[in-house]
Each structure stands twice: as C-alpha cells, then as structure tokens.
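A.B. asks: Below are the sequence and a predicted model for it; my questions follow.
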Amino acid sequence: MADKIKDAKIIFVVGGPGSGKGTQCEKVVEKYGYTHLSSGDLLRAEVASGSERGKQLQAIMQKGELVPLDTVLDMIKDAMIAKADVSKGFLIDGYPREVKQGEEFEKKIGAPALLLYIDAKAETMVKRLMKRGETSGRSDDNEETIKKRLDLYYKATEPVIAFYESRGIVRKIDSELSVDEVFKLVSQAIDNLK
Ligand SMILES: Nc1ccn([C@@H]2O[C@H](COP(=O)(O)OP(=O)(O)OP(=O)(O)O)[C@@H](O)[C@H]2O)c(=O)n1
Ligand SMILES: Nc1nc2c(ncn2[C@@H]2O[C@H](COP(=O)(O)OP(=O)(O)O)[C@@H](O)[C@H]2O)c(=O)[nH]1
Ligand SMILES: [Mg+2]
C-alpha cells in the first residue's frame, strides 16, 4: 500500500461544515486531476446501500457525532488503493476530524504533503448549510444538527490544524471570498507543492 501511493501527493482538506471544502475539491479535480475522496460522501454511500452498518452510521451522522475511527479510515484506504495506479494525488476531504484520526492515517497510509485549512466564520457556515439544506436532502443539514457539527468542529477538529501547523504544512485559505477567489488561493498552495 505505502508503496503503491508513494509518488502520489496527499492533501488533507480541513474546515468546518459548510466552509466550502467540497466545492473547492471539485475545482481541484478539474484543474489538477487529483482524486477526491470525501469521507462524508463515502459514509453516505454506505448509508444509501441500506446495509446494517449503514443504518448504524446514519444514526450517528444524524446526531452530528463522529463515526468510529476505523470505519472511516478503512473506507478511505480501500478507495485510495482502488485509485493508486492512476492517481497523481489525493484530496482527503473532511478527514482528519480529530488528531487521533490523523495519527492513524499516517500509520496506515502515509503522511500528507499539505493541509488546506478552509476557513470561514461560524455565521457564514451556518448560513451556507441552511441554504444547502433546502436542496441537499441531507438529514444532517438542519439547524439542530448543524449546531452540533459546528461545536464538534471547534472542539475536535481545530486541534488538528495546530497539530500540523507545527510541521509547517498548513495553508490557511480565506473561504469568505467568492468561490473563484478562494480557488486562486487553493491553486497557489497546490502549485507550491511541485
Ligand atoms: N471523518 C469523518 C467524516 C464524517 N463523519 C460523519 O459524517 C458526517 C458528515 O460528514 P461531512 O460530509 O464531511 O460533513 P461536514 O463537513 O459536516 O459537512 P460537509 O459535507 O458540509 O463537508 C459528520 O457530521 C460525521 O457524523 C465522521 O464521523 N468522520
Ligand atoms: N458564497 C460562497 N458560497 C460557497 C463558497 N463555497 C461553498 N459555498 C456554498 O456553501 C455550501 C457548502 O459548501 P460545501 O462545498 O458543500 O462545503 P463543505 O461542507 O465544506 O464540503 C454550498 O451550498 C456551496 O454552494 C464560497 O466560496 N462562497
Ligand atoms: Mg462536503
């Protein structure tokens, strides 16, 4: 595994719910041909499959809590292996959610070259998610769960950023700007990798 992906760059995309991670990742895929793996999307696919495990996941996600670390990590790892031969790089979106998730990822898969920290104000994130909730069909895009997701973000995920800052790989992106302006900043950070 470590062998297969050793030339591919790994980028962690971290930011609060609704900060714009998915939006920016889509644009990176278009421009750079990276493989986008959203941990939330992988979990939602499992829920949609109707499996027993999916039912358990749905209950956790509905509450805005974190699913067990090994569940998400195994899903990401399998998805990375499936793409290892054709991928120049991986965007790991919405992971790590807590420092421990980052540590386990590095033990089992490899070290990130960059952490894109997609930063927006809480007020902005809530506004975007309420709007997205009108059409997303996501059972966690409601006021109550959004609040829980935000709280957990500040408590568990922000420490992830400090953890990787000490390694000098964090690039903070102001996500209050327009999508295209945010993408300019994201592009600069990725171009600097080469
Ligand atoms: N590493 C992860 C990623 C996701 N989740 C679960 O999946 C839900 C949705 O994840 P995601 O789509 O990444 O949600 P957000 O970042 O909150 O929202 P967005 O889609 O807006 O990025 C989370 O609230 C959480 O319950 C998790 O437990 N562990
Ligand atoms: N105004 C504005 N809206 C954005 C921007 N990025 C994302 N959005 C909107 O905010 C919502 C959440 O974005 P998404 O990419 O799903 O965020 P994620 O939760 O971090 O993956 C979506 O409805 C987007 O259309 C941005 O840079 N500016
Ligand atoms: Mg997303």
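C.D. replies: That came in fine, so what should we check first? Residues are numbered from 1 along each chain as shown. Ligands and ions are numbered 1, 2, ... in the order given.
A.B. asks: how about the strands in the protein?
C.D. replies: Here the chain has its strands, by DSSP state E, at 9-15, 35-38, 89-93, 114-119, 170-174.
A.B. asks: Partner strands of the shortest one, with direction?
C.D. replies: On the basis of DSSP bridges, the sheet neighbours of strand 35-38 come out as strand 89-93 (parallel).
A.B. asks: so what's the residue in the chain that ligand 1 sits nearest to up against?
C.D. replies: Nearest to ligand 1, among the residues of the chain, is Gly40, at 1.9 Å (CB to the nearest ligand atom). Where C-beta positions appear, they are placed from N, C-alpha and C, glycine not excepted. Applying CB atoms under 8 Å, 6 or more residues apart in numbering, we find Gly40 in contact with Asp93, Gly94.
A.B. asks: got it, and Leu177?
C.D. replies: Contacts for Leu177 (CB under 8 Å, 6+ apart) come out as Leu185.
A.B. asks: what number of residues lie near the closest residue to Ala111 other than its chain neighbours?
C.D. replies: With sequence-adjacent residues excluded and distances taken as CB to CB, 6 or more residues apart in numbering, Ala111 is closest to Ile10, at 7.0 Å. Using other CB atoms under 10 Å, Ile10 has 20 neighbouring residues.
A.B. asks: Leaving out sequence neighbours, find the closest residue to Pro159.
C.D. replies: Nearest residue to Pro159, sequence neighbours excluded (CB to CB, 6+ apart): Val99, at 5.5 Å.
A.B. asks: I'd like to know how far that neighbour sits from Lys172.
C.D. replies: Distance of Val99 to Lys172, computed by CB to CB, to the nearest Å: 18 Å.
A.B. asks: go on, Glu46?
C.D. replies: Taking CB to CB, one finds Glu46 at 32 Å from Lys172.
A.B. asks: Can you pull the residues of this structure lying near ligand 1?
C.D. replies: Residues of the chain lying near ligand 1 by CB under 6 Å from any ligand atom: 17-18, 21-22, 39-40, 43, 60-61, 64-67, 72, 94-95, 97, 140, 149.
A.B. asks: if we look at ligand 2, which of these are close to it?
C.D. replies: Restricting the residues of the chain next to ligand 1 to those near ligand 2 by CB under 6 Å from any ligand atom leaves Pro17, Gly18, Lys21, Gly22.
A.B. asks: Check the gap between the last one and Leu73 for me.
C.D. replies: Read that as Gly22. Counting by CB to CB, the separation of Gly22 from Leu73 is 20 Å.
A.B. asks: Pretty sure the residue nearest to Ala111 sits against Gly89.
C.D. replies: Yes: between Ile10 and Gly89 there is a contact at 7.2 Å, judged by CB atoms under 8 Å.
A.B. asks: that older thread, only the buried subset of the residues of the chain next to ligand 1, as a PyMOL command please.
C.D. replies: To isolate the buried subset of the residues of the chain next to ligand 1 in PyMOL, counting by 16 or more other CB atoms under 10 Å, use the following:
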select buried, resi 17+18+21+22+39+40+43+61+64+66+67+72+94+95+97+140+149
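A.B. asks: So which of the residues of the chain next to ligand 1 sit within helices?
C.D. replies: Counting by DSSP state H, the part of these found in helices is Lys21, Gly22, Ser39, Gly40, Leu43, Ile60, Met61, Val72, Arg149.
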